[in-house]
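**Q** from the sequence below, what's the structure:
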Amino acid sequence: MSNIKHIAIAGNIGAGKTTLCELLGKQFGWEVHYEDANNNPYLSDFYSDMHRWSFNLQIYFLNSRYQQILDIHKGDKTVIQDRTIYEDAFIFAPNLHEMGLMSKRDFDNYSSLFKTMTSQIAPPDLLIYLKASIPTLVGHIHNRGRDYEGSISLDYLKRLNQKYNDWIKGYDIGKLLVIDADNIDFLNNKEDFGKIVEQINAELFGLF
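**A** Numbers count the residues shown, from 1 in each chain. Alright, predicted model coming up:
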């Protein structure tokens, strides 16, 4: 365990990343690093006017996650991270650019900064991807009732889901565990959560 410092959970909006982070943190004694959503000064504005605030939002997330990774590398604890720096660069920023919500100038600037940052860091020891269909995502988003997420469109979620699936298909920089969030209830079903724990042990320690 001493050689394992960084576990990360990836997944679309509403996939269940934060919940799984908390459960696994308690199970394994890992420190949880949350996505900085509640304190993000751009998030509410972004959902009201994506074109105006897309670049600001993505730069904020990029910097926040980069700082998290630097802290993980410096520290002596095993950390589980809610969302990764790679999702910003391979899913959210390209999607905004393709939708005409981020200019080419801003996207190129962002991409260059991402390449510089990631050249200085190592990938997670294990990436856990929560794969969820649109109905599952919508149900989770509705249940948690965040005001700023009320304006998220189905088209936006569908575009993100396609980019997530494409990214995961080509992910080759470290260990990967894909969990089908449509057919597992790790929050309310102890057996389902136990299966995830077994899979993580197998990936990290070769234990079945």
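**Q** give me phi/psi at the spatially most central residue of the chain?
**A** Averaging the C-alpha coordinates of the chain gives a centre point, and the residue nearest to it by C-alpha atoms, centre = their mean is Arg83 (2.2 Å). According to degrees, to the nearest 10, the main-chain angles of Arg83 amount to phi 70, psi 150.
**Q** roughly how far does it sit from Asp76?
**A** When distance is defined by C-beta to C-beta, to the nearest Å, Arg83 is 23 Å away from Asp76. Just so you know, the C-beta spots here come from the backbone N, C-alpha and C atoms, and that holds for glycine as well.
**Q** coming back round to it: for the residue nearest to the centre of the chain, which non-adjacent residue is spatially closest?
**A** With C-beta to C-beta, 6 or more residues apart in numbering as the measure, Glu35 is the residue that lies nearest to Arg83, at 4.7 Å, once sequence neighbours are left out.
**Q** quick one: that neighbour from Phe61, how far?
**A** Glu35 sits 8 Å away from Phe61, taking C-beta to C-beta as the criterion.
**Q** which helix of this protein spans the most residues?
**A** Counting residues, the longest helix in the chain under DSSP state H turns out to be helix 50-74.
**Q** report all helices and strands that it contacts.
**A** Other helices and strands packing on helix 50-74, by 3 or more C-beta pairs under 8 Å, 6 or more residues apart in numbering; DSSP states H and E, are strand 6-11, strand 31-33, helix 43-48, strand 79-82, helix 85-87, helix 93-98, helix 104-118.
**Q** looking at those, which one is packed in the most?
**A** Of all the helices and strands packed on helix 50-74, strand 6-11 has the most neighbours on average by mean count of other C-beta atoms under 10 Å, namely a mean of 26.
**Q** can you list the strands that that strand pairs with?
**A** On the basis of DSSP bridges, the sheet neighbours of strand 6-11 come out as strand 79-82 (parallel), strand 126-131 (parallel).
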